[in-house]
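Student: any chance you can model this:
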Amino acid sequence: MDSEIQGRAAHSAAIRERAEAEMARMGIDAAFIDRLVETFYGRVLAHPTLGPVFDARLSGRWPEHMEKMKSFWSSVAFRSGAYGGKPVQAHVGVANMTPELFPQWLALFSATLDDIAPSDEAKAWFMATAERIARSLTLSLFYNPALDDPKLKKG
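Tutor: Residues are numbered from 1 along each chain as shown. Predicted coordinates for the structure are as follows:
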């Protein structure tokens, strides 16, 4: 049993080491994650459509949200396991959230990366990750399998 646990720990450590090396090669470090989150969410707050939705949900809790997002992106980039939240549940019931907000969120994220990403490869990695996250959240929050019913489709 101990050797199995040690094996898992070694495997997890190897995954983290590979992720850290990949991020370092692209110019990504903890300081970049902090800058990305601070810059992006500053722009979210100023955005005419996204700002009111986010601020209504997070009013008075922005510092905690920023730390949570730094932990999230660090965990994703460095495979650290530092983030233990439940993103889908966190977004359920957000007032005025619609599927149409996700392309705006992605466009703002892309523009932020255009301005601050240390390399084209870093931008591509973060955008691909953000697109997967947006797709997952959109499906989780808004997908209705009944809409795929062939009887409901008009020919």
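Student: pLDDT below threshold where in this protein?
Tutor: Within the chain, the stretches with pLDDT under 70 are 1-7, 9, 11, 83, 87-95, 144, 146-155.
Student: quick one, helices of it?
Tutor: With helices called from DSSP state H, the chain shows them at 2-26, 30-46, 50-58, 62-78, 87-91, 101-116, 120-142.
Student: with mean neighbour count added, can I get those in JSON lines?
Tutor: To be clear about C-beta, it is placed using only N, CA and C from the backbone, and glycine gets the same treatment. Output for the helices of the chain, formatted as JSON lines (neighbours: other C-beta atoms under 10 Å):
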{"stretch": "helix 2-26", "mean neighbour count": "12"}
{"stretch": "helix 30-46", "mean neighbour count": "16"}
{"stretch": "helix 50-58", "mean neighbour count": "16"}
{"stretch": "helix 62-78", "mean neighbour count": "17"}
{"stretch": "helix 87-91", "mean neighbour count": "12"}
{"stretch": "helix 101-116", "mean neighbour count": "16"}
{"stretch": "helix 120-142", "mean neighbour count": "15"}
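Student: the closest residue to residue 50 other than its chain neighbours and residue 126, how far apart?
Tutor: Take residue 50 and drop its neighbours on the chain: the residue closest to it by C-beta to C-beta, 6 or more residues apart in numbering is residue 44, 5.0 Å away. Distance, residue 44 to residue 126, by C-beta to C-beta, to the nearest Å: 15 Å.
Student: just residue 27 next, same as before
Tutor: 11 Å.
Student: what do these two both touch?
Tutor: Common neighbours of residue 27 and residue 126, using C-beta atoms under 8 Å, 6 or more residues apart in numbering, are residue 117.
Student: about what we covered before: residues touching the residue nearest to residue 50, list them.
Tutor: 50, 51, 54, 105, 108.
Student: for residue 34, see how far away the nearest residue to residue 118 once chain neighbours are set aside is.
Tutor: Once flanking residues are discounted, residue 118 sits nearest to residue 27: 3.1 Å by C-beta to C-beta, 6+ apart. As judged by C-beta to C-beta, residue 27 and residue 34 stand 14 Å apart.
Student: do residue 102 as well
Tutor: 24 Å.
Student: ditto for residue 70
Tutor: From residue 70 to residue 34 the distance is 6 Å (C-beta to C-beta).
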